[in-house]
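Peer 1: Here is a sequence with its predicted model. Questions after.
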Amino acid sequence: MTAYQLLTALFNAGIAISVGATVLSLGMTFTVGQLVAPLHRVVLVIAMVVLNAIVIPAAAWGIAEVSPMADKYVPGLVLATLGAGSAASLKAAQLAGRADLPLAVSVVVVLQLVNIIAVPLWAGQVVTGASISAWDIVKSLLALVLLPLVVGLFIRFRYADHATTWREELVKVANLALVIALATGIAANWSTIKSMFWSWVIVTAVVIVILAGVLGLLLGLVTGGKEAEVRATTGLVSIFRFGSLGLIIIGTQLDGNATYLGPAITFALIDFILPLALAVEIGHRARPTTPAQ
């Protein structure tokens, strides 16, 4: 095994463990009723679907087309923006402290189900001949969200006395795995990221990430009014794109072509690091300060 393969394996494992442990801990926190209740906000849920499955991918494609970066990098970058409802947004919502966690979980599940239809349709438009099976998306949904969530809900129901202690330990595991994922992801793809420095790919990716977050925030403002938790939730869920689906398309349908893979990896990392840093900052500001004695 090469160093790159080892680092990539550690990155993938770190993401999977961090997200899985986060969702498992959230399952131990809430009841089924609490997670289903946010779906009664029909207007908000539909608006999030339209924004994340249609508006943001279309805006990302438009921004990539008009940006100064080379045309050959456009499809790869756009492919990484197509997926909605990244499970990583749940970790960010947890770190932010101000987010509505039941709403975040419910919306992420809905968006990942929508991906089954939306992502293949978008992929076929972005790159002629590109496709992705619905089963690939379902596997990600089952492994990263639904299975850990169901297990967490069962543990809370069956072993309520232990759930709080186990939940605290899972949060520690998730945070450690996240640190490992960040370090190994950057190290494994550093040469690719460095090659993108003077290509406008990074600048374009940052613009798309910011726009996605702002649009999510505005949607929360319109549908949630003065509820700061709703705004934080819609903003964080929207800003995190499910870039893994784009990487799957490139790996399985486009033979891992570096022209597509380079900008896709670059976007995926930027869309992971920047929103995560934002969530940490929000969480820091949300913590009450201890008055000086």
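Peer 2: Yep, that arrived.
Peer 1: How much space separates L178 from A21?
Peer 2: Per Cβ to Cβ, to the nearest Å, L178 is found 9 Å from A21. Glycine gets a C-beta too; all of them are placed from N, C-alpha and C.
Peer 1: ok, now I116?
Peer 2: 25 Å.
Peer 1: Could you check which of the two has the larger neighbour count?
Peer 2: A21 (24 against 16; other Cβ atoms under 10 Å).
Peer 1: ok, the more buried one - contacts?
Peer 2: Residues near A21 by Cβ atoms under 8 Å, 6 or more residues apart in numbering: 148, 170-171, 173-174, 177.
Peer 1: Which members of these occur in helices, if any?
Peer 2: Members of the contacts of A21 lying in helices (criterion: DSSP state H): 148, 170-171, 173-174, 177.
Peer 1: how about those in JSON lines, adding pLDDT, distance to L6 and neighbour count?
Peer 2: Below are the ones in helices among the contacts of A21 laid out as JSON lines (pLDDT from 0 to 100; distance: Cβ to Cβ, whole Å; neighbours: other Cβ atoms under 10 Å):
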{"residue": "P148", "pLDDT": "87", "distance to L6": "25", "neighbour count": "22"}
{"residue": "L170", "pLDDT": "88", "distance to L6": "26", "neighbour count": "21"}
{"residue": "V171", "pLDDT": "81", "distance to L6": "27", "neighbour count": "17"}
{"residue": "V173", "pLDDT": "89", "distance to L6": "21", "neighbour count": "16"}
{"residue": "A174", "pLDDT": "82", "distance to L6": "22", "neighbour count": "23"}
{"residue": "A177", "pLDDT": "85", "distance to L6": "16", "neighbour count": "22"}
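Peer 1: helix, strand or coil for the spatially most central residue of the chain?
Peer 2: The residue lying closest to the centre of the chain (Cα atoms, centre = their mean) is S86, at 2.8 Å. For S86, the reduced secondary structure class is coil; criterion used: DSSP: H, G, I helix; E, B strand; the rest coil.
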